[in-house]
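Q: Sequence below, structure please.
(one chain, ligands or ions: 3)
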Amino acid sequence: MTTPVLKLGIPAGSLQEATGELFRKAGYKISFPSRSYYPTIDDPEIHCTLIRAQEIARYVQDGSLDCGLTGHDWVVENDAKVTELAELVFSKVSRKPVRWVLAVPTESPIQTPKDLQGKRIATEVVNITRRWLASHGVTANVEFSWGATEVKPPRLADAIVEVTETGSSLRANNLRIVCDILTSTTRFIANDNAAVDPWKRRKMDDLILMLRGAMAAENKVGLMMNVRKADLEKVLAVLPAMLKPTISGLSDPNWADVMAILDEDAVRRLIPDLKRSGASGIVEFPLTKIID
Ligand SMILES: Nc1ncnc2c1ncn2[C@@H]1O[C@H](COP(=O)(O)OP(=O)(O)OP(=O)(O)O)[C@@H](O)[C@H]1O
Ligand SMILES: O=P(O)(O)OC[C@H]1O[C@H](OP(=O)(O)OP(=O)(O)O)[C@H](O)[C@@H]1O
Ligand SMILES: [Mg+2]
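A: Residues are numbered from 1 along each chain as shown. Ligands and ions are numbered 1, 2, ... in the order given. A predicted model of the protein is given here:
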């Protein structure tokens, strides 16, 4: 019997490194051999192909791939009919969505969507831009851009619709945001048939569980401490209100063990307070997955 295989599209380009890093955190050994478009992964039931983010949705829709990770922006731009199984909020450098914005040179007279009437707009997302203009009742000349779009205004275009994450590319090119057009995050998408195939669905759900678990553990740490029962109330009052710490007994009936999961950046403020409130033997430990 041949091993069943899940055909997974990994986005080349901006999302590639962040995707690889996330898979590693999720427990998969994935690597990108140079010049090869077949990343290796230590799971014989997964076959990875590196494809441009723009095209993953298309190949997932037609079944060439069972599933893949890509931006919501390209699913919308391609009007792809796929099943979205998960939103994973990560971008090239941050854990935040990206924004597709309408931008113009700082000194441009364009202030509102209406001012675009009859103007030239350069963008990689022609369909999204045309639909957005139509929804504002504006007619403009939308030109496809192959990239390096920020260089185009004012000589080659009056405005651009471009993706921004940190804002540094817009700033470096003296561009001003007029308005937001679309917010996009990374999505795990599946072919409609693959999504209802029991083996593939389970394989994808398991993969998503691990990817989500790894993301949930980011910037979190565990904290364990011993507390005299008489001090328990004081110690618990120090921990953030939404936490439900685990309290377990110790062999000495006068002591308890308290364990909690916290934001890493809160720890340096909390540990001294916990100690002052009577906690001892405080241990901080790293977390790699949190599964709800
Ligand atoms: N900082 C970022 N810049 C651009 N795209 C980003 C960024 N962070 C996340 N993305 C997402 O990555 C996808 C863009 O990747 P894609 O492969 O289409 O182009 P690219 O990474 O810009 O490639 P290239 O470097 O060849 O221009 C989109 O879904 C976009 O939302
Ligand atoms: O807001 P920022 O953090 O600066 O990120 C956004 C920039 O990154 C991408 O460029 P890319 O590297 O894909 O080059 P390209 O324009 O040639 O596609 C995108 O097209 C923007 O130019
Ligand atoms: Mg690009």
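Q: CA only for contacts and neighbour counts going forward, please
A: Will do.
Q: ok, residue 271 - contacts?
A: Residues counted as contacts of residue 271 (CA atoms under 8 Å, 6 or more residues apart in numbering) are residue 282.
Q: give me every residue that touches the residue of the stretch 151-292 of the chain found nearest ligand 1.
A: Nearest residue of the stretch 151-292 of the chain to ligand 1, counting by CA to the nearest ligand atom: residue 165, 4.8 Å away. Counting by CA under 8 Å, 6+ apart, residue 165 makes contact with 91-92, 94, 96-99.
Q: Which one (most neighbours) among those residues?
A: residue 98 (24 neighbours; other CA atoms under 10 Å).
Q: Is the spatially closest residue to residue 22 that is not a sequence neighbour in a helix, a strand, or coil?
A: Distances taken as CA to CA, 6 or more residues apart in numbering put residue 211 closest to residue 22, at 6.7 Å, once the chain neighbours are dropped. Residue 211 falls in the helix class when you classify it by DSSP: H, G, I helix; E, B strand; the rest coil.
Q: what pLDDT does the closest residue to residue 84 other than its chain neighbours get?
A: Distances taken as CA to CA, 6+ apart place residue 189 nearest to residue 84, at 4.4 Å, with adjacent residues excluded. Per-residue pLDDT puts residue 189 at 98.
Q: Go ahead and confirm residue 189 touches residue 80.
A: No: counting by CA atoms under 8 Å, residue 189 does not reach residue 80; the two are 10.2 Å apart.
Q: These two: which has the busier surroundings?
A: Using other CA under 10 Å, the more surrounded residue of residue 189 and residue 80 is residue 189, with 29 against 17.
Q: Quick one: mean pLDDT for the host helix or strand of residue 122?
A: When secondary structure is defined by DSSP states H and E, residue 122 falls within strand 120-123. Average pLDDT, strand 120-123: 98.
Q: quick one: common contacting residues for residue 189 and residue 80?
A: Joint contacts of residue 189 and residue 80 (CA under 8 Å, 6+ apart) are residue 57.
Q: what about residue 146, neighbour count?
A: Residue 146: 9 neighbours (other CA under 10 Å).
Q: let me fix that: residue 207
A: By other CA under 10 Å, the residues close to residue 207 number 17.
Q: Mind giving me the packing neighbours of whichever strand or helix holds it?
A: Residue 207 is located in helix 198-216, with elements delineated by DSSP H and E. Here helix 198-216 touches helix 16-25, helix 192-196, going by 3 or more CA pairs under 8 Å, 6 or more residues apart in numbering; DSSP states H and E.
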